[in-house]
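1. Generate a structure from the sequence data that follows.
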Amino acid sequence: MPSKPSEKTKSGLPTGVSAVHSSACATQRKESDGKGDCDCTPTFRAFVYDNRTKTKIRSTTFPTVKQAREWREDSRSLQRKGLLSAPSRLTFREVADEWLAGVKASPPKYVNRARKPYKPSATRHYEMDVRKYVLDDLGGVRISDLRRTDIQALIDRLRGRGLQEGTVRNVITVVRVLFRHALERGYVEANPTVGFRLGTGNKRTRAAEPAEAAELIGVLPDTIRGIYTCAYYAGLRRGELRAIRWDDISLADRVITVRTAWDDKEGPVKPKSDASTDREVPIIAVLHDYLANLKATSGRDGQDFVFGFTATRVFEPSTVRMRAAKAWREANVVRAESGKTPLNPIGLHELRHSYVSMMHAAGVPLELIGDYCGHSTVHMTNQYRHLLKGHSDDSTMKADAYLALADSAARIAQIESGEESES
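-> Below you'll find the predicted structure:
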């Protein structure tokens, strides 16, 4: 059914439609007092009135009156359906400040897509990235005016500054979060960050073989050796290693219960995901021997930190990294003199990855490994997680058997190569 003809104004144009003349047009020149006849080719703009915000929603310009009128009719239809509102006057910086304040509030006003509060470390990284890399470029622009081309231009500028692809991805991640926040609150009609393909940076795909891991850990000083030992033989995250206390370790039951992680600003916090909290990790033989000896020699117990620099003070990751790097450098000098292959330094996250590979090679089912590592999934692993606790003994035996076999193979190889004399 054809729409009713629009009511015309004194200018002869439909209601809600106006002509846009060039600055040189006679209708715009001062000497004509705006009363001259038009001597340009005008374009046309339409508007609809938003009662909620008491403002006009204006269109772009169109070459014909008909197109402007059609835009207005379509927009009025969207208004009646609740699908069109006036663009927000908030700048990108104002939206970022609003979101950050809400995330930091106690209790938090805004949560993540899983309806959980953002982790303190995640909030700090988001704030650092948006303030360091985004606000100088986009902070003063109305968030409703930002388009996909603006986001692509930001990506191009970040890459042009030589930032790694992983950093670029992290910056755009927080921009996406802010636009999702703006979309949910009606500040924008669409999210211009959707659909960009970004790299993931340098993926940590290294997995140390048992013999290599044993060599790397073996040359470390006593003050930090336990951290790397537990990262490889139990697969704990760095924050979990910092927070673990002796009450979390049952040498008799050969189980580590992961209850908390450690945040630099907040102190003890929940681990990374729900699947990580209160999970039980089996203590395999080589780790059991090390932990038993550590407990006996350290004199710590109960709520004392297992790997803390003191019983009441957690270790600092930067200090641990420097001490490990120094130990490996010194070991490589000695190895070079004897013609041995140099050690390849490894990080705690890579040791955690190595744990997964080692347990898989030992024949432990991936579902159980996911449980021990605290991986969050939507698959059967998460649904039946609490029914699998009884399998830890079997997993321990498989890992022990695999490591014993790997150690035997390594020793045989040393003997055959003449690196170790026969007794």
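2. Setting aside sequence neighbours, what's the nearest residue to residue 233?
-> Nearest residue to residue 233, sequence neighbours excluded (Cβ to Cβ, 6 or more residues apart in numbering): residue 287, at 3.9 Å. (Each C-beta comes from the backbone N, C-alpha and C, glycine too.)
3. Which residues lie in contact with that neighbour in this structure?
-> Taking Cβ atoms under 8 Å, 6 or more residues apart in numbering, we find residue 287 in contact with 229-230, 233-234.
4. Compare those residues and tell me which is most surrounded.
-> For the contacts of residue 287, the largest number of neighbours (other Cβ atoms under 10 Å) sits with residue 233, at 29 neighbours.
5. Return the set of buried residues in the longest strand belonging to the chain.
-> In the chain, ranked by residue count with DSSP state E as the criterion, the top strand is strand 43-50. The neighbour-count check on strand 43-50 (16 or more other Cβ atoms under 10 Å) flags 43-48 as buried.
6. One more: stretch 207-220?
-> Quick answer for stretch 207-220 (16+ other Cβ under 10 Å): 207-208, 210-217, 219-220.
7. Now tabulate those residues in CSV and tack on secondary structure.
-> Below are these laid out as CSV (DSSP: H, G, I helix; E, B strand; the rest coil):
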residue, secondary structure
207, coil
208, coil
210, helix
211, helix
212, helix
213, helix
214, helix
215, helix
216, helix
217, helix
219, coil
220, coil
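8. Could I get those residues in JSON lines, plus columns for pLDDT and distance to residue 333?
-> Below are the buried residues of stretch 207-220 laid out as JSON lines (pLDDT from 0 to 100; distance: Cβ to Cβ, whole Å):
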{"residue": "207", "pLDDT": "78", "distance to residue 333": "26"}
{"residue": "208", "pLDDT": "85", "distance to residue 333": "21"}
{"residue": "210", "pLDDT": "89", "distance to residue 333": "25"}
{"residue": "211", "pLDDT": "90", "distance to residue 333": "21"}
{"residue": "212", "pLDDT": "91", "distance to residue 333": "19"}
{"residue": "213", "pLDDT": "92", "distance to residue 333": "21"}
{"residue": "214", "pLDDT": "93", "distance to residue 333": "20"}
{"residue": "215", "pLDDT": "94", "distance to residue 333": "15"}
{"residue": "216", "pLDDT": "95", "distance to residue 333": "16"}
{"residue": "217", "pLDDT": "95", "distance to residue 333": "19"}
{"residue": "219", "pLDDT": "95", "distance to residue 333": "11"}
{"residue": "220", "pLDDT": "96", "distance to residue 333": "16"}
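9. Among those residues, which one lies nearest to residue 19?
-> Checking the buried residues of stretch 207-220 against residue 19 with Cβ to Cβ, the nearest one is residue 207 at 69.0 Å.
10. so who does the closest one touch?
-> If you count contacts by Cβ under 8 Å, 6+ apart, then residue 207 has 350, 353-354, 356-358 around it.
11. Show me which of those are buried.
-> With burial judged by 16+ other Cβ under 10 Å, the buried subset of the contacts of residue 207 is 350, 353-354, 356-358.
12. can you give me how far stretch 263-270 is from the chain middle?
-> 17 Å (Cα atoms, centre = their mean, to the nearest Å).
13. cool, and stretch 228-247?
-> In this view, stretch 228-247 has its centroid 21 Å away from the chain centroid, taken as Cα atoms, centre = their mean.
14. what does stretch 304-316 give?
-> In terms of Cα atoms, centre = their mean, the centre of stretch 304-316 is set 27 Å apart from its chain centre.
15. just use 26 as the starting number from now, easier for me
-> From this message on, residue numbering opens at 26, which makes the last subject stretch 329-341.
16. Quick one: neighbours of residue 187, just the number.
-> Using other Cβ under 10 Å, residue 187 has 7 neighbouring residues.
17. And the closest residue to residue 87 other than its chain neighbours, how far from residue 397?
-> With sequence-adjacent residues excluded and distances taken as Cβ to Cβ, 6+ apart, residue 87 is closest to residue 93, at 4.5 Å. Taking Cβ to Cβ, to the nearest Å as the measure, residue 93 falls 64 Å from residue 397.
18. In the helix or strand residue 180 falls within, which residues are buried?
-> Applying DSSP states H and E as the criterion places residue 180 in helix 173-185. If you call a residue buried by 16+ other Cβ under 10 Å, then helix 173-185 has these buried ones: 176, 179-180, 183.
19. what's the answer for stretch 47-57, then?
-> For stretch 47-57, a neighbour-count test (16+ other Cβ under 10 Å) marks 50, 52 as buried.
20. Just the CA atoms from it would do, formatted as PDB, please.
-> Coordinates of each C-alpha in stretch 47-57 appear next as PDB, following Å, rounded to 0.1, in the frame of the first residue of the first chain:
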ATOM      1  CA  SER A  47      26.600  25.100  -1.400                       C
ATOM      2  CA  SER A  48      28.400  28.000   0.400                       C
ATOM      3  CA  ALA A  49      28.600  29.900  -2.900                       C
ATOM      4  CA  CYS A  50      24.900  29.600  -3.600                       C
ATOM      5  CA  ALA A  51      22.900  32.800  -3.900                       C
ATOM      6  CA  THR A  52      20.700  31.700  -1.000                       C
ATOM      7  CA  GLN A  53      23.800  31.700   1.200                       C
ATOM      8  CA  ARG A  54      25.500  34.900   0.100                       C
ATOM      9  CA  LYS A  55      25.400  37.900   2.500                       C
ATOM     10  CA  GLU A  56      24.700  40.400  -0.300                       C
ATOM     11  CA  SER A  57      21.500  38.600  -1.200                       C
END
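21. contacts for stretch 131-148?
-> The contact list for stretch 131-148, computed with Cβ under 8 Å, 6+ apart, reads 124-129, 151, 206, 288-291, 294, 297, 299.
22. Out of the residues you listed, name the ones that lie in helices.
-> Taking DSSP state H as the definition of helices, the contacts of stretch 131-148 contribute 124-129, 151, 206.
23. And those residues, which two are furthest apart?
-> Distances among those were taken as Cβ to Cβ; the most separated pair is 129 and 206, at 13.8 Å.
24. quick one: low-confidence ranges for the stretch 226-375 of the chain?
-> Across the stretch 226-375 of the chain, the ranges flagged by pLDDT under 70 are 226-230, 298-301.
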